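Sequence first, predicted model second:
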Amino acid sequence: MPGGRLTQQERQQIAVGLADGLAYAEIARRLDRPTSTVTREVMRNGGPTTYRADLAHRATERRSHRRPQTSPRGAQTPPQAHGRDPEAVREYEELFTTVLMASGMPKMMSRVMSCLTLTDTGSLTASELAQRLQVSPASVSKAITFLDSQGLVRRERDERRRERYVVDDDIWYQSMMSAARSTAHIVDIARQGVGVLGPRTPAATRLENIARFLDYVAESTARAAEQAREILHSTTPAAPAPAPDDGDGAAAAQGDRDPEHGGAVRPVM
């Protein structure tokens with residue numbers, strides 16, 4: 001599998017593959033490159049709908065010329081637990097950050113969110129974040145303020161009274177509910193505009209259509225988030241001890257039946 005930077009010809013092949021509607025994995029297979037390399041390349045350079053091979057190549061050249069000649073970044077990567085490959089972790093963190101940026105999150109906020117998400121503890125202090133990302137505490141503080149406003153981090157104090165920033169299993173639920181509330185607020189404002197502009201006028205009709213659409217989206221988002229949280233946080237009952245097999249498997253099958261649902265097979269969670 002070839003290594004090193006993508007060539008201009010490879011970028012042109014990526015552009016052709018995107019135009020043909022190929023998945024990243026298929027484009028990567030044709031280039032004999034990792035899928036993560038193609039994904040990162042596309043998301044870093046405008047996304048699948050606006051990717052241009054020539055512009056991407058020039059942008060990469062500019063970034064390489066601006067990059068200070070310091071020790072390799074891999075040398076600064078902290079030791080990894082569980083036998084992980086530090087370089088693979090670094091590349092994945094960069095990919096995760098790029099995808100967050102493509103979703104609309106600013107760069108520093110994406111870096112902080114990625115760093116927090118990929119730690120085993122799911123929490124870091126401001127000084128730990130600044131050290132890991134090699135940025136100023138002020139940059140970390142600004143990023144945390146933004147993420148906190150979006151419901152994407154939680155603050156808590158540790159035993160040394162230091163403030164820690166936490167990304168746990170509940171964060172995305174809280175963020176989705178926050179987004180649903182914000183959307184519901186837009187619905188309220190849009191419907192106020194209907195009264196101001198006058199019912200059945202073109203502008204008022206447009207606002208009413210916006211309100212109806214967003215009202216449905218907000219309600220569906222909140223309902224889906226609640227359902228997903230309930231399902232994913234439910235305690236899976238311990239599997240029963242296997243029943244003796246009488247030869248036709250009937251006893252084993254009976255053990256998978258749920259008497260509360262008319263003997264239907266209990267779904268596997």
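Structure's in. What do you need? The shown structure was predicted, so the numbers you read here are calculated from the model rather than taken from an experiment.

need the longest helix for this protein.
For the chain, the longest helix by residue count, based on DSSP state H, is helix 202-233.

so what secondary structure elements neighbour it?
Packing partners of helix 202-233 (3 or more CB pairs under 8 Å, 6 or more residues apart in numbering; DSSP states H and E): helix 171-197. For every residue, glycine as well, the C-beta is placed using N, CA and C.

which stretches of the stretch 1-150 of the chain aren't confidently modelled?
Counting by pLDDT under 70, the ranges of the stretch 1-150 of the chain that qualify are 1-3, 63-79.

Sketch out the helices for it, chain order is fine.
Here the stretch 1-150 of the chain has its helices, by DSSP state H, counting those that start in this stretch, at 8-19, 24-31, 35-44, 53-66, 73-76, 86-102, 107-117, 126-133, 137-149.

Out of those, which gets nearest to S182?
Between S182 and the helices of the stretch 1-150 of the chain, the tightest spacing by CB to CB is seen for helix 137-149, at 10.4 Å.

Show residues contacting that closest one.
The contact list for helix 137-149 (CB atoms under 8 Å, 6 or more residues apart in numbering) reads 106, 108-109, 111-113, 126-127, 129-130, 133, 153, 155, 165.

Max pairwise distance over those: which two?
Across the contacts of helix 137-149, the longest distance by CB to CB is 21.6 Å; it joins P106 and S127.

Select, out of the helices of the stretch 1-150 of the chain, the one closest to I189.
helix 137-149 (18.9 Å).

circling back: dump the helices of the stretch 1-150 of the chain into CSV; add mean neighbour count and distance to D170 as well.
Converted to CSV, those look like this (neighbours: other CB atoms under 10 Å; distance: least, CB to CB, whole Å):
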stretch, mean neighbour count, distance to D170
helix 8-19, 18, 36
helix 24-31, 18, 30
helix 35-44, 21, 27
helix 53-66, 13, 37
helix 73-76, 11, 32
helix 86-102, 17, 19
helix 107-117, 21, 13
helix 126-133, 17, 20
helix 137-149, 16, 14
